[in-house]
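In: Sequence and predicted structure are below.
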Amino acid sequence: MYCLVTPFLFFANTRWIISEETRPLSTGNYSSTDTNGIEAKAAYTLGYSKQSSGELKIDVHHLSLPFNVAENV
């Protein structure tokens, strides 16, 4: 699944994990391009909690940059 949020923000490979009835998680890849055209990629995880009103609220947000072996040798 692909989702273009803005011209500079793009989500891909989104997956939903339902761990409990009121505790869904979404994971995937995220890329962002700055105004100079430089792209940054990251993996994301979002955790949601269901409010008594029925709305979902994000209560966990995590981004991590991919490990680059060449930069860490």
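Out: Looks like it arrived, so ask away. Numbering: from 1, shown residues only.
In: measure Pro24 to Val69 for me?
Out: 33 Å (Cβ to Cβ, to the nearest Å). From N, CA and C alone the C-beta is placed, and that goes for glycine too.
In: Any idea which residue is closest to the centre of the protein?
Out: Geometric centre of the chain, nearest residue: Tyr44, 3.3 Å, by Cα atoms, centre = their mean.
In: Please say which of Pro24 and Val69 ends up with more neighbours.
Out: Pro24 (16 against 6; other Cβ atoms under 10 Å).
In: From Thr35, how far out is that one?
Out: Computed as Cβ to Cβ, the Pro24 to Thr35 distance reads 34 Å.
In: and the residue nearest to the centre of the chain, what does it touch?
Out: Phe11, Ser26, Thr27, Gly28, Asn29, Tyr30, His61, His62, Leu63, Ser64 (Cβ atoms under 8 Å, 6 or more residues apart in numbering).
In: Repeat that for His61.
Out: Tyr44, Thr45, Leu46, Gly47.
In: how about a markdown table for those, with pLDDT, secondary structure and distance to Ile17 added?
Out: Formatted as a markdown table, the contacts of His61 follow (pLDDT from 0 to 100; DSSP: H, G, I helix; E, B strand; the rest coil; distance: Cβ to Cβ, whole Å):
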| residue | pLDDT | secondary structure | distance to Ile17 |
| --- | --- | --- | --- |
| Tyr44 | 87 | strand | 13 |
| Thr45 | 87 | strand | 9 |
| Leu46 | 87 | strand | 10 |
| Gly47 | 88 | strand | 10 |
